[in-house]
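Novice: missing the sequence, but the structure's below:
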């Protein structure tokens, strides 16, 4: 069917003015004034609705149309009329309207404000609301912006595996994947009968696999789902979420931060350019400071601060915190927020953390006490990115693994990368949902995932 | 570090001619002629190597460099010299060479031809070979081409869930996902204690979820991993693979095929434009007919043929087949190949299959015997795409579910899409690995997946 999308008309009203078009969409509101009526139609191509005007004397099925319920889908043929004096830049005067699919008075999305919690219960319908339409459009544009950013810089996109036989960085509780009939297991499962003939889990990170590709392509990235089976019922954690993990050969921690900062700014710029209407809506109805914050980040240089410097800043005001702060502590959310929201009021890279609180693969600094890590903390969200320079020295890496009770034999292939032309290399992980929360002002991760998976929630 | 990528130089030799650059990469070959030596260096930014020339009288560490093993990583500063008379358009005369990471004589990728089977055993090193470098670069570019195709047409990218509580289309055996300690289960597992408080599996398709978003955005697509726990040890099946699934409201089967055909052509065009060197290599060493076949597909109109017409063509030569062919049969690979390789010599959409051999959600045609399905068959690969117009009539859909022993109560939300402004809509699924096999001429799916997962294989 030859249909015109609202976006096309909105972007070039003068070209369509006076022209006949066929449009399709869903009724957001319908008002019948006996002789004529108005329909706010949304077709999903554009955030804003299009007003359809229909008149009794021109429309043979006026009665049928006038009694349609909210949510009905319609196919409208009519003439575009520019209305520069009105709030809406054009309307469509209908010649024919066909009901593609009726709706029902029980349709849950009647015209009124619904709570995010209520809409979460009907996740399969909520993209039809303004808020979720905006959120999921921004999610889509942000994903594209990330692919474009890396593609334009020559990074190779690698699909690292989802099912894994290793527990990678030991980054958290894992889901087991099996084809064993678990109701028939007696005692120790016989993994020789499982699909992979060994214990299998869902990945918590693609980093180690990505490193192998970085040693061939120099610059690579992954963008895929990752899983944590942690029973934390917070607004910031989901069991299934998406991560972006670039990995770069011949790149140190400063290079790593340069790429991370450029990426964040590039995604913000892309979304501001391509989702202006969505951001404006979210700025009005969800988070009043959203636009100002995004503009501020896009334009400012991120702070780069060592952990040691941060601790000395925080120690000066330690009485204002609930949790103690001292060199060696894992910084709490309140500490991070103080730095990003009170001291700097912009994103802060915190670098060179104590080695004890970071992963085994991070490069040991010359002080032997800290590692070349860089976490990006942002106001309102906390940690958006966790990155590091990787330990390229085989002997140092093996010593660290032993210190952390990791058996080097389990990582022979990973160690081999250091034996066969290893390089200084670095990478980071961006939690995609955190980025979307940051871009939309939405406070709960359940509301930026199309169908969120959390403890005891597995609907649709 | 300020480094220049080989791709930059290859794309604009004259701009770099006579200029000093710093490049990084890995030794593919090294020849030492006492007074001078040659290194073929690859940096992963470009398919081709760059020749580094180093001379004893200019290089203080000549001995160290001359004895480096294949696979070592180097940082070279030198002057680009255009060599238009040679096979290689330029070389770099080294001023300094630093060994970033040595390699070892045991490095498995010595300069000789290795079998694909051998390289599969060292999946973490194989992207360093020409063949896999080409395959995984093409995979990356094809993924980008798909995102770009849909983005440019206004499709919204949806991350449909990976962990699911439903068995979707019943498309195959599923992996179970659990946090229960399976060695401690006695008899029936208590799913109230499992993470999601119900039985959970890995998705076999994102289609039904994508349909819910299509009813809000009109045009959407998914691109994510999907899983089949089938113990088939073939060259075309993996337990973990990636699928692209677009879904379009207000679109019938003809629209569906239009989009599928445009997408395939667009991906081929993008890869031919961006991976010319890789395709040329694969055409010489993997599949002699590759380039001709891709050009042919990019330029020809795909055939559209009903299943009924196909069967009558096949029945005329039924003696040439091993399996019987008759109306109602599920076509075998030999039948499909006959159509695409003997009769038409190009891709064929086969449409309107008998309802009994297709999924419950496909729209029943007026003949009540067939459904509005369209599979795209391509020479050498077989089924590349499976698509259909979806059943939008609630009563017909419920009747079909009952016929197929599917409980409509389990799909209330899916049925609701037909009650609240349902539309004619269509979609398809593209197996991404099949597409990469088609684009590269690689015959085994294990060689187009970075780290393939198949029965009893779960390495790295």
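Specialist: Okay, I see it. These numbers were taken from a predicted model, which means no experiment stands behind them.
Novice: quick check: residues of the stretch 351-460 of chain A near chain B?
Specialist: Contact residues, the stretch 351-460 of chain A versus chain B (Cβ under 8 Å from any Cβ of the partner chain): A:392, A:413, A:416-424, A:449-451, A:453, A:455-460. All C-beta spots, glycine's among them, are computed from the backbone N, C-alpha and C.
Novice: which SSE is residue A:98 in?
Specialist: strand A:90-101 (DSSP states H and E).
Novice: in that strand, which residues are buried?
Specialist: Of all the residues in strand A:90-101, those buried under the rule 16 or more other Cβ atoms under 10 Å in any protein chain shown are A:90, A:91, A:92, A:93, A:94, A:97, A:99, A:100, A:101.
Novice: got it, and stretch A:349-369?
Specialist: A:349-355, A:358-365.
Novice: that one: end-to-end distance?
Specialist: 19 Å (Cα to Cα, to the nearest Å).
Novice: can I take it that residue A:342 is in a helix?
Specialist: Yes. The assignment for residue A:342 is a helix, going by DSSP: H, G, I helix; E, B strand; the rest coil.
Novice: give me the distance between it and chain B.
Specialist: 35 Å (Cβ to the nearest Cβ, to the nearest Å).
Novice: how many other residues sit next to that residue?
Specialist: 12 (other Cβ atoms under 10 Å in any protein chain shown).
Novice: quick one: the strands in the stretch 301-450 of chain A, in order.
Specialist: Taking DSSP state E, counting those that start in this stretch, the strands of the stretch 301-450 of chain A run over residues A:303-306, A:348-354, A:370-378, A:382-390, A:425-431.
Novice: ok, and what's touching the third one?
Specialist: By that I understand strand A:370-378. If you take Cβ atoms under 8 Å, 6 or more residues apart in numbering or on different chains as the criterion, strand A:370-378 is touched by A:252-253, A:256-257, A:260-261, A:264, A:297, A:302, A:304, A:306-308, A:336, A:339-340, A:347-355, A:358, A:362-365, A:383-389, A:426, A:428, A:438.
Novice: can you check the fourth one too?
Specialist: With contacts defined as Cβ under 8 Å, 6+ apart, strand A:382-390 is touched by A:211, A:236, A:252-253, A:256-257, A:260, A:264, A:333, A:336-337, A:347, A:358-359, A:361-363, A:371-378, A:424-431, A:434-435, A:438.
Novice: ok, back up a step: rebuild the strands of the stretch 301-450 of chain A as TSV, extending it with mean pLDDT.
Specialist: Shown next, in TSV, are the strands of the stretch 301-450 of chain A (pLDDT from 0 to 100):
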stretch	mean pLDDT
strand A:303-306	98
strand A:348-354	98
strand A:370-378	97
strand A:382-390	96
strand A:425-431	98
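Novice: closest one to residue B:268 among those strands?
Specialist: strand A:425-431 (31.3 Å; Cβ to Cβ).
Novice: which strands and helices sit next to the closest one?
Specialist: Packing partners of strand A:425-431 (3 or more Cβ pairs under 8 Å, 6 or more residues apart in numbering or on different chains; DSSP states H and E): helix A:207-217, strand A:240-249, helix A:253-274, strand A:370-378, strand A:382-390.
Novice: three-state assignment of residue A:133?
Specialist: Under the three-state scheme (three-state DSSP), residue A:133 adopts helix.
Novice: residue contacts, it?
Specialist: Per Cβ under 8 Å, 6+ apart, neighbours of residue A:133: A:42, A:44, A:47, A:127, A:278, B:216, B:217.
Novice: one step back: quick one: buried ones out of the contacts of strand A:382-390?
Specialist: A:211, A:236, A:253, A:256-257, A:260, A:264, A:336-337, A:347, A:358-359, A:361-363, A:371-378, A:424-431, A:434-435, A:438.
Novice: hang on, the earlier thing: in CSV, list the helices and strands packed on strand A:425-431 along with distance to residue B:206.
Specialist: Listed next are those as CSV, based on distance: least, Cβ to Cβ, whole Å:
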stretch, distance to residue B:206
helix A:207-217, 23
strand A:240-249, 13
helix A:253-274, 24
strand A:370-378, 30
strand A:382-390, 27
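Novice: mind listing what's buried in stretch A:269-277?
Specialist: For stretch A:269-277, burial by neighbour count (16+ other Cβ under 10 Å) applies to A:270, A:271, A:272, A:274, A:275.
Novice: over to stretch A:453-460?
Specialist: Quick answer for stretch A:453-460 (16+ other Cβ under 10 Å): A:453, A:454, A:455, A:457, A:458, A:459, A:460.
Novice: so what's the residue count around residue A:7?
Specialist: Using other Cβ under 10 Å, residue A:7 has 15 neighbouring residues.
Novice: so residue A:324 sits right up against residue A:311, yeah?
Specialist: No. Using Cβ atoms under 8 Å, residue A:324 makes no contact with residue A:311, being 11.1 Å away.
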